[in-house]
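Chemist: Dropping a prediction and its sequence here:
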Amino acid sequence: MLIKRGVAIVMVTMGIFAVEVAMSLVPKGDLLFPSSAAAPGEFPDQWIHGSKSAMDNTDPAVQVHRYNDHTYILRENKAINYEGAFMYVFFGNGVALLIDQGSTSSPALFPLREVVDELIANWEAEFDQSSTHLIVANSHLHGDHYAAWNQFVDRENTTMVGLTHEEVMHYWGFSNYPDERLEFDLGGRNFVITGTPGHQSSEIAFYDEWTDLLYTGDMFYRGRLYLEDWDAWAASIKRLRAMADDYPVSHLINNHIEMTRMPTVDYPIGTTWQPSEPPMQMSLEMLDEAVTATQVIDQAGIYKYADFLIYNEVPWAYTTDP
Amino acid sequence: MAVTKWVGFLALALAWLPVTHAHMLNMTEIQISADATSDVTVSVQIDLGQSALMTPESYWDAVSNPESAPKSGALYRALKALESGIEVVVDGQLRELALRDYRATATSLEAIKNPLTPQMADVQFALMGARPSSESVIAIGLKDTLDVPWPCLVRVDSFAALPISRLLTAGTRSSGDIRLDDSRAKPGEGYMVSAVLQLQAWLPSLTWLVVGIQHIIPMGFDHMVFILGLFFLSTKLSSLLLQVTAFTLAHSVTLGLTTLGYIAAPMHFVEPLIAASILYIAIDNLYSRHVAKWRLLVVTGFGLLHGLGFASALGELALPEGSVLSALLLFNLGVEIGQITVLLTAYLVFGWLQRWPLYRQRVAEPASMTIAGLGLYWLIKRLAY
Ligand SMILES: [Zn+2]
């Protein structure tokens, strides 16, 4: 009797230890973001690209595309605003980074907050995460990329980086903008950030070590690159090229599509239906073409390249199409 | 035919309608420099020719004939509309603006007319009344009657190290209160911290009651198991109550003495002993049919021990200065509520089985052995560290 009970007690103890050991072997809830190999992801064959009649448009106000489990690309419906701006949500452990808030303020027309809240809730449910902190940040300080910023100001558990140059510099920790490269830890997912002024004087580029995506905002995309400061832009392009020399880059990602599938031909400004849109993502060859441009262009004007047009210090409403 | 053409034109016009109003490069900007030692300036950058305040033609007219513009005409009326339509509230008091200076420029009438080539005017107002202090709270809003190219970025340069930005939209016309010494508190955290602080200000005491309960359920799992150990020996309510009372009185004594600083006990010593007490009580359950007199003494001793454990848990929290005693009493009361909850739950689950002849053999003994196993587990773990 005595032995039996003693054995039972010891068995219970051993059982608890066994459970504890087993629990410690099961990987914790922590998501891992190794930088060793590029985490794969997918772009849509075609983005939702507006419609012939903006009035009849039945597409969602915000297209949410899952690039991979922890990377989401959002696009504002072109029928709501022809900019059709792309926005990004990157997830790390316990934290989400929203870059840019589109071109429309009204939550009725453009319910970005609702979409982002739902995205975070679904992600939390899927990956066993909770109370994710949201960082509301911007690629650069142009109104067509922060119009819905206000929708987040009353959100709990949220950091608003701010809409002034000083606030942006302070948040990311720049002390030598734009030359410096900064590391940013998004819940175990490492980003490298650098300054890319030229289109706008507070712009930053994000390199994600996990997916190897290099996000170039409005300073480099398939469209009309409006440069307010040529020298700054040329230096920024070279800075991006240097980044791509030091880190493997899977794709360049950005904010707009304004080109058609025909080389050098863009859609006119204000187009709300782009049936023959090229992909949004760009390649390093295109970046090299921009590097070449920085060595050639020495005066204001419009310069056409296959995948982008350079509007060097030209009032930006002038288009190549009469 | 004519009708369909007209409908087609209308559809086209409607399709373009949101576009012409949507572009963001001609958005309005208001900047308030409230850090200067001189007067506070409110600077406005606005695409007047694209605003509801004047027509492109009248703006072009004012730009090309600067002499005729002041004190009369459309530009003057537009500036006056801004002066009265921008509401700056400092510490709850609406302040007047006084037009100080402006610079209206444009390259051509065509450029003014094109919403995609913003031709911005710079307008400066002085903020009337006393200069705000670093403790001041400021709010900037636009009257419903004032329509500007949206959205409107507000930038406040204040006593804080960084400027503060807000965005006004047609739907949200006020910045809300902005503290001029705004420390860079993250909005979410700031909200949570202030909510907790407010709750504590309202119910300073109740918080400690809740903290006490939490130290039994769910944080004090070992204490919970000890209480269950007491439960599984006695089927008689009176003897259980006697034991629990002795345990409670004893742990109140050591909790109080330790928290008030009269005694101190090293935790690496106390924690394994608490584990041992659980093991002991459970084994005792297996071998004694009735509550022995000396068991009450043992339980009292263990109570003293557990009190030291509660004290260390409470010590990790900052007790409010000045009301340590009331916080202590409430914490202790919370612990009692937690204990009673555990016992009531045990009664609800097992109480009806106590009359069963096999209760001891089938319920109490396996439960006690499990408790003993847990006690042994904690003992080994705590000795190992
Ligand atoms: Zn831009």
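Modeler: Everything's here; your move. The model shown is predicted, which means the values in this text are computed figures rather than measured ones.
Chemist: Check the residue lying closest to B:L142 once chain neighbours are set aside and give its pLDDT.
Modeler: Using CB to CB, 6 or more residues apart in numbering or on different chains and skipping the chain neighbours, the partner closest in space to B:L142 is B:R173 (4.9 Å). C-beta: built from backbone N, CA, C; applies to glycine. With respect to pLDDT, B:R173 has a value of 93.
Chemist: Likewise for the one 4 residues further on?
Modeler: The per-residue pLDDT reported for B:D177 equals 90.
Chemist: what about it, distance to chain A?
Modeler: According to CB to the nearest CB, to the nearest Å, B:D177 and chain A sit 12 Å apart.
Chemist: Next, count neighbours for the residue lying closest to that residue once chain neighbours are set aside.
Modeler: Excluding the flanking residues, the one nearest B:D177 by CB to CB, 6+ apart is B:V137, at 4.7 Å. B:V137: 16 surrounding residues under other CB atoms under 10 Å in any protein chain shown.
Chemist: same thing with the one 5 residues further on?
Modeler: A total of 24 residues lie near B:L142 under the criterion other CB under 10 Å.
Chemist: That one pairs with what?
Modeler: Taking DSSP bridges as the rule, B:L142 bridges to B:I86.
Chemist: still on that earlier bit, my guess is the residue nearest to B:D177 contacts B:D91, does it?
Modeler: Yes. Counting by CB atoms under 8 Å, B:D91 is a contact partner of B:V137 at 5.9 Å.
Chemist: Distance from the helix or strand of chain A with the lowest mean pLDDT to the middle of the chain?
Modeler: In chain A, no helix or strand scores lower on mean pLDDT, DSSP states H and E than helix A:2-25, which sits at a mean of 79. Relative to the chain's own centre, helix A:2-25 is displaced by 50 Å; criterion: CA atoms, centre = their mean, to the nearest Å.
Chemist: Walk me through which strands the following helix or strand past that helix pairs with, and which way each runs.
Modeler: Going down the chain from helix A:2-25, the next helix or strand is strand A:62-68, by DSSP states H and E. In the sheet, strand A:62-68 lines up against strand A:71-76 (antiparallel) (DSSP bridges).
Chemist: angle of the strand or helix carrying B:P272 against helix A:2-25?
Modeler: Using DSSP H and E, B:P272 falls within helix B:267-287. Counting by axes from the mean of the first three to the mean of the last three CA atoms, to 10 degrees, helix B:267-287 lies at 140 degrees to helix A:2-25.
Chemist: Helix B:267-287: what's the following helix or strand?
Modeler: Downstream of helix B:267-287 (by DSSP H and E), the next one is helix B:293-315.
Chemist: What residue in the stretch 101-250 of chain A comes nearest to chain B?
Modeler: A:G143 (2.8 Å; CB to the nearest CB).
Chemist: Please name the residues that touch that residue.
Modeler: A:S103, B:M24, B:L25, B:M27, B:P151, B:L153 (CB atoms under 8 Å, 6 or more residues apart in numbering or on different chains).
Chemist: Same question for A:D208.
Modeler: A:T71, A:F90, A:R189, A:F191, A:L214, A:Y215.
Chemist: Check these and tell me the two furthest apart.
Modeler: Within those, A:R189 and A:L214 form the most distant pair, 14.8 Å apart (CB to CB).
Chemist: And residue 147, its phi and psi?
Modeler: No chain was given, so I picked chain A. Main-chain torsions, A:A147, degrees, to the nearest 10: phi -60, psi -40.
Chemist: what sits against it?
Modeler: A:A147 makes contacts with A:Q101, A:G102, A:S103, A:T104, A:S105, A:F110, B:M24, B:P151, B:T169, as judged by CB under 8 Å, 6+ apart.
Chemist: With just CA atoms, put stretch A:272-292 into CSV.
Modeler: Listed next in CSV are the C-alpha coordinates belonging to stretch A:272-292 (Å, rounded to 0.1, in the frame of the first residue of the first chain):
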residue,chain,number,x,y,z
THR,A,272,-9.2,55.3,-63.6
TRP,A,273,-9.1,52.2,-65.8
GLN,A,274,-5.8,50.5,-66.7
PRO,A,275,-6.7,47.3,-68.4
SER,A,276,-3.1,46.7,-69.6
GLU,A,277,-1.2,47.3,-66.4
PRO,A,278,2.3,45.8,-66.1
PRO,A,279,3.2,44.2,-62.8
MET,A,280,3.9,46.5,-59.9
GLN,A,281,7.2,44.8,-58.8
MET,A,282,10.3,45.8,-60.6
SER,A,283,13.8,44.2,-61.2
LEU,A,284,17.3,45.2,-60.4
GLU,A,285,17.9,45.6,-64.2
MET,A,286,15.4,48.5,-64.1
LEU,A,287,17.2,50.0,-61.1
ASP,A,288,20.4,49.8,-63.1
GLU,A,289,18.7,51.7,-65.9
ALA,A,290,17.9,54.4,-63.4
VAL,A,291,21.6,54.4,-62.3
THR,A,292,22.6,55.0,-65.9
